[in-house]
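A.B. asks: Here's my sequence, what's the structure:
(2 chains)
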Amino acid sequence: MKSVDIEKLNRDNFKSIINSLSMPGSVNKIKSLYDSHLLAVANTLLYSEVSFFYDGNEDINLIKAITNAKEESVETSDYIFCDEINEYSLSKSKIGTAQDPEFSSTLIFKCKNFEGLNLRLSGPGINEYKDVSLPIDNAFVDFFNEKNSSYPLGNEVFFLNKKGEVIALSRTTKVEVI
Amino acid sequence: MRYAFLDEEAKKEIRRSILKAIAIPGYIVSFASREMPVARGWGTGGLQVTLSIINEKDTLKVIDQGCDGSVNAVNIRNFISSVTNVDTTTDTKKATLIQTRHRIPEIDLEEGQILVYQVPMPDILETVEPNTAKAKIMHANADYSKLWVLLYEDTSMYGDSRISNRYPVIVHDRYAMDPSPIPKYDTPKLNNNKALQLFGAGREKKIYAVPPYTKVEPLKFEDRKFKIENFEDKSCQRCGSRDSFLDEVYDDNGITHYYCNDTDYCDSYLKNGAKK
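C.D. replies: Take a look at the predicted model:
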């Protein structure tokens, strides 16, 4: 039977996640766990002191058992995973408080690929600006910008495609449609 | 032995704090600092950050006050190497992960490199507001008036700020941040740096970060220029460099000698005459 070194997988995937978030718009690769990239990201981020919400069809029970993370509602979860890009989840997610802006949700959306709306990103982590394509619509962009308009309150959003590539938008990222 | 010493749960906790710190540049995130096999105050914060992000592909460099060969740097490098088996280097260009105490390397860093600082005192407001709960509210309100008053008092009495190291900086036009006790000479290097900069304070249980290409400006009145250490006509007695931060060393006869503070930069300058 093929064994998996989960901790090695976690540290490799965390490097991809940290690179994605520190340089929004850059494409990084996630290695799959149990043939799923979403479960691999969940296993990297979740542990006993955080909560999560999952809206999708993958079997996340094993990750829940391994990591001992609490399953909570979309309004209170630290991490929100969705099988498709979901404005409702973004609208309901917590954005932290003025004193504790880190008590906010991080969203991880699965998508088929990154083809879609052409966007220009700017802000910390980006050298002047970066043009990317993401499978979102104008309403999502408006929503994302509005949700992060009261910086430092806001959310980080990751997009994970079928090839296991990941792109992140940070709460400091300004997103313009081009 | 577990890879990188820390257990997986501890790493996940530190990684979560690192991600939040990156998302909110300059903001101080609390984390559950672990006991390390070195004493608190000797770099346990930087060590925990490094151990949480390191993987097999990394090449590690550790410097203490610009020196790869000092006791603190050698011990930390040996410890990390013994629990991870990663390659180590003294060459700034070859390193993917650099743990530092109180200096930013002399040459420009690149995208993909990570600079981890050991931080003794993470909150810049500590000098003007010892009550940490009040300081947190001040950060929440972006109320840095007490820092400005401190700067005003110094400027009115002495013509300039008396702060020689850990000069207050404003990150992304929002948070006042302690840049760890780097000299003023290094402060401009924080701005728009291509490398990710992570700051870990083990004793104080705090992590904060500056992502690449982030605006970091020293706290300064508009009509006052930010001045760095000036070595005028001095040059390194070993390599001849005139554009590096120099150490003053006194010999037995009381004569002052000047040497590059960054030992790797001095070595490469001596070898290649290379500049930035």
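A.B. asks: how about the residues of chain A near chain B?
C.D. replies: Within chain A, the positions near chain B by C-beta under 8 Å from any C-beta of the partner chain are A:7-8, A:10-12, A:14-15, A:17-19, A:21-23, A:44-50, A:98-99, A:101-102, A:106, A:124-128, A:151-152, A:154, A:156, A:170-172. The way it works is simple: take the backbone N, C-alpha and C, and place the C-beta from them, glycine included.
A.B. asks: PyMOL command to pick out the buried ones of those?
C.D. replies: Buried members of the residues of chain A next to chain B can be picked out in PyMOL with the line below, counting by 16 or more other C-beta atoms under 10 Å in any protein chain shown:
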select buried, chain A and resi 10+11+12+14+15+17+18+19+21+22+23+44+45+46+47+50+101+102+106+124+125+126+152+154+156+170+171+172
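A.B. asks: Out of the residues of chain A next to chain B, which sit inside strands?
C.D. replies: Counting by DSSP state E, the residues of chain A next to chain B place A:106, A:156 in strands.
A.B. asks: Now the closest residue to residue B:172 other than its chain neighbours, what are its backbone angles?
C.D. replies: In this structure, residue B:172 finds its nearest non-sequential neighbour in residue B:25, 4.7 Å apart by C-beta to C-beta, 6 or more residues apart in numbering or on different chains. Phi and psi for residue B:25, reported as degrees, to the nearest 10, are phi -60, psi 130.
A.B. asks: Point out the other helices and strands that the helix or strand harbouring residue A:53 packs with.
C.D. replies: Taking DSSP states H and E as the definition, residue A:53 sits inside strand A:51-55. If you count contacts as 3 or more C-beta pairs under 8 Å, 6 or more residues apart in numbering or on different chains; DSSP states H and E, strand A:51-55 packs onto strand A:70-71, strand A:79-82.
A.B. asks: which strands and helices sit next to the shortest one?
C.D. replies: Using 3+ C-beta pairs under 8 Å, 6+ apart as the contact criterion, the elements in contact with strand A:70-71 are strand A:51-55.
A.B. asks: Contacts only, for the nearest residue to residue B:240 once chain neighbours are set aside.
C.D. replies: Leaving aside its chain neighbours, residue B:240 sits nearest to residue B:269 (7.3 Å; criterion: C-beta to C-beta, 6+ apart). Residue B:269 makes contact with B:236, B:239-241, B:244, B:260, B:275, according to C-beta atoms under 8 Å, 6 or more residues apart in numbering or on different chains.
A.B. asks: would you say residue B:269 is within a helix?
C.D. replies: Yes: assessed with DSSP: H, G, I helix; E, B strand; the rest coil, residue B:269 lies in a helix.
A.B. asks: For residue 35, report the pLDDT, please.
C.D. replies: Since you didn't name a chain, this refers to chain A. Residue A:35 carries a pLDDT score of 93 in this model.
A.B. asks: nope, chain B
C.D. replies: So, for residue B:35, pLDDT stands at 91.
A.B. asks: helix, strand or coil for it?
C.D. replies: For residue B:35, the secondary-structure state derived from three-state DSSP is coil.
A.B. asks: Could you report the separation of it from residue B:7?
C.D. replies: Distance, residue B:35 to residue B:7, by C-beta to C-beta, to the nearest Å: 12 Å.
A.B. asks: and what of residue B:121?
C.D. replies: The gap separating residue B:121 from residue B:7 is 28 Å, by C-beta to C-beta.
A.B. asks: so where's chain A shaky on pLDDT?
C.D. replies: Of all residues in chain A, those with pLDDT under 70 make up the ranges A:1.
A.B. asks: Next, the buried residues of stretch B:76-94.
C.D. replies: Quick answer for stretch B:76-94 (16+ other C-beta under 10 Å): B:76-77, B:79-80, B:83-84, B:86, B:88-90, B:92.
A.B. asks: Neighbours of the closest residue to residue B:118 other than its chain neighbours, how many?
C.D. replies: Here the nearest residue to residue B:118 in space, its sequence neighbours aside, is residue B:46; by C-beta to C-beta, 6+ apart that works out to 3.6 Å. Counted with other C-beta atoms under 10 Å in any protein chain shown, the neighbours of residue B:46 add up to 24.
A.B. asks: May I ask which helix or strand encompasses residue B:46?
C.D. replies: Element membership of residue B:46 [criterion: DSSP H and E] is helix B:44-53.
A.B. asks: Tell me the buried residues in the helix or strand that that helix is followed by?
C.D. replies: Remark: after helix B:44-53, the chain's next helix or strand is strand B:59-64, criterion DSSP H and E. Neighbour-count burial for strand B:59-64, counted by 16+ other C-beta under 10 Å, picks out B:60-64.
A.B. asks: what's near enough to touch residue B:170?
C.D. replies: Contacts of residue B:170 were listed using C-beta under 8 Å, 6+ apart, and they are B:26, B:144, B:176-177, B:216-219.
A.B. asks: again, only this time at 10 Å
C.D. replies: Residues in contact with residue B:170 (C-beta atoms under 10 Å, 6 or more residues apart in numbering or on different chains) are B:26, B:124, B:142, B:144, B:147, B:176-177, B:215-220.
A.B. asks: Could you do residue B:5 as well?
C.D. replies: Contact analysis of residue B:5 by C-beta under 10 Å, 6+ apart lists B:11, B:34, B:36-37, B:47-48, B:51, B:79-80, B:82-84.
A.B. asks: which ones among those residues come in contact with chain A?
C.D. replies: B:11, B:84 (C-beta under 10 Å from any C-beta of the partner chain).
A.B. asks: Now do the same for the residue positioned nearest the centre of chain B: helix, strand or coil?
C.D. replies: Among the residues of chain B, the one closest to the centroid is residue B:117, at 4.1 Å (C-alpha atoms, centre = their mean). Taken by three-state DSSP, the conformation at residue B:117 corresponds to strand.
A.B. asks: In chain A, spot the helix with the most residues.
C.D. replies: Looking across chain A with DSSP state H, the single longest helix is helix A:6-22.
A.B. asks: Following the chain onward from that helix, which element is next?
C.D. replies: Counting by DSSP H and E, the next helix or strand C-terminal to helix A:6-22 is strand A:28-29.
A.B. asks: which bits of the stretch 101-250 of chain B sit near chain A?
C.D. replies: So the stretch 101-250 of chain B meets chain A at B:111-112, B:114, B:133, B:136-137, B:139-142, B:171-175, B:192, B:194-198, B:209-216 (C-beta under 10 Å from any C-beta).
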